[in-house]
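[1] my questions are about this predicted structure, shown below with the sequence.
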Amino acid sequence: MAGRQVVPDRLLQIGFGFLGSKTLLTAVELGVFTELAKRRLDLKALAAKLKLHPRSARDFFDALVALGLLKRIGTRYANTPESALFLDRAKPSYIGGMLEMCNARLYGFWGSLTEALRTGKPQNEVKRGDDFFGTLYRDPQRLEGFLKAMTGLSQGTARAIAAKFPWKRFDSFADIGCAQGGVAVEIALAHQHLNGQGMDLPVVRPVFETYVTSKKLQKRVTFHEGNFFEESLPKVDVLIMGHILHDWDLKEKMLLLRKAYAALPKGGALIVHEALIDDARKTNAFGLLMSLNMLIETKGGFDFTGADCRQWMKKAGFTRTSVEHLAGPDSMVIGIK
């Protein structure tokens, strides 16, 4: 019996993957899903709402249908359950802010991946002498949008941390690099006995406190102002670092882990959650691609495996470590002092 014929289909699908990616990113930019959240629209009405030229509007909308991002019911277009929940700007679960940033920044920067691989240097705004995050943190309106996008993106992971970590053994926690406070809020909502903090730069305070107050948690969840490299970390039972360590080189990673160890009481815990690369470095493509994104975005950052992080934690002094899957590509590494 002849063996299965080898075909190039998968290679072509990956190679042309940018076509589907850009179609989604452009749909988010144009507000397709937000318009359709209001009501179903036919081709002519939807194109008019979005101010699209008639030449390829039909192909654009039908491509979104074929990609599983829209439905067509009769002659009218509608959101799928996924796009209705996550791509409607009016909903708190909106993750499109992150996709908007991907469209405006990363899509272009990844065009310089070859240069990044050959030079080891970032390919973002740094190349022209700009500082994206410095500029972002000086613009309160843009910063608020970015921090809200981070909340939408991390909500599933935050709920998994609230559900899977043994919080009954602890009384207090702090989320380091807390952004809007999405992780702290989900943990506090799920565990009424806990008091929490969010640590971030001073400019984040009003966004954090507004969000926490909207959830009626201001008495139990407070803001801790500071730079986690320059100042001591909060003295609490549990410290959380989510998507923080991958921004930095190994020396800086170890510095943060040692600072966490120094701040915790005996028996205290550190939770590091990231899109961990699988230990065999073969299957979690998202984690590996995120590490390439750190090449594009940072001077020395890289993603890592659970085994890597456990080894670093033990080197920092933690006595027991473990890894547990959370949601999607994210897992957490737990270190006990």
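    That came in fine, so what should we check first?
[2] which pLDDT does the model give Phe165?
    pLDDT, Phe165: 98.
[3] which one is it nearest to, not counting chain neighbours?
    Ile271 (6.5 Å; C-beta to C-beta, 6 or more residues apart in numbering). Yep, even glycine has a C-beta here, placed from its N, CA and C like the rest.
[4] element containing the one you found, please.
    strand 269-274 (DSSP states H and E).
[5] that strand: what's the following helix or strand?
    Later in the chain than strand 269-274, the nearest helix or strand by DSSP H and E is helix 285-297.
[6] could you say what helices and strands that following helix packs with?
    Secondary-structure packing of helix 285-297 (3 or more C-beta pairs under 8 Å, 6 or more residues apart in numbering; DSSP states H and E): helix 113-119.
[7] other residues contacting the helix it packs on?
    121-123, 292, 295-296 (C-beta atoms under 8 Å, 6 or more residues apart in numbering).
[8] could you redo the last one with a cut-off of 6 Å?
    With C-beta atoms under 6 Å, 6 or more residues apart in numbering as the test, helix 113-119 has contacts from 123, 295-296.
[9] again with stretch 150-159
    93-95, 98, 179-180, 182-183, 186, 326-327, 330.
[10] what is the rounded mean pLDDT of it?
    For stretch 150-159, mean pLDDT is 87.
[11] what does stretch 84-92 give?
    On average, stretch 84-92 scores 93.
[12] and the end-to-end length of that stretch?
    12 Å (C-alpha to C-alpha, to the nearest Å).
[13] what do you get for stretch 114-125?
    Using C-alpha to C-alpha, the span of stretch 114-125 from its first residue to its last is 17 Å.
[14] buried ones in the helix or strand encompassing Lys148, by neighbour count?
    In the assignment (DSSP H and E), Lys148 maps to helix 140-164. Neighbour-count burial for helix 140-164 flags 143-162 (criterion: 16 or more other C-beta atoms under 10 Å).
[15] so which helix or strand takes in Gly335?
    Using DSSP H and E, Gly335 sits in strand 330-336.
[16] who does that strand pair up with?
    Here strand 330-336 has these sheet partners by DSSP bridges: strand 269-274 (antiparallel), strand 320-327 (antiparallel).
[17] give me the distance between the closest residue to His193 other than its chain neighbours and Lys148.
    The shortest distance from His193 to any non-neighbouring residue, by C-beta to C-beta, 6+ apart, is to Asp171 (6.8 Å). Distance, Asp171 to Lys148, by C-beta to C-beta, to the nearest Å: 29 Å.
[18] sorry, back to before: taking helix 285-297 as reference, get the angle to the strand holding Ile271.
    On the basis of axes from the mean of the first three to the mean of the last three C-alpha atoms, to 10 degrees, strand 269-274 is oriented at 80 degrees to helix 285-297.
[19] and strand 269-274, how far from the chain's centre?
    The offset between the C-alpha centroid of strand 269-274 and the centroid of the whole chain comes to 15 Å, using C-alpha atoms, centre = their mean, to the nearest Å.
[20] please list the outside residues in contact with that strand.
    Applying C-beta under 6 Å, 6+ apart, the set of residues contacting strand 269-274 is 238-243, 246, 260, 309, 330, 332-336.
[21] ok, 8 Å please
    Against strand 269-274 from outside (C-beta under 8 Å, 6+ apart): 157, 161, 165, 170, 237-246, 257, 260-261, 264, 287, 303-304, 309, 313, 318, 326, 330-337.
[22] write a PyMOL command that selects only the buried members of the residues you listed.
    Selecting only the buried entries of the contacts of strand 269-274 in PyMOL, with 16+ other C-beta under 10 Å as the criterion:
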select buried, resi 157+161+165+170+237+238+239+240+241+242+243+244+245+246+257+260+261+264+287+303+304+309+313+318+326+330+331+332+333+334+335+337
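[23] quick one on the thing from earlier: between the strands paired with strand 330-336, which gets nearest to Asp42?
    Nearest to Asp42, of all those, is strand 320-327, at 36.7 Å by C-beta to C-beta.
[24] buried stuff in the closest one?
    Residues of strand 320-327 classed as buried: 321, 323, 326-327 (neighbour count, 16+ other C-beta under 10 Å).
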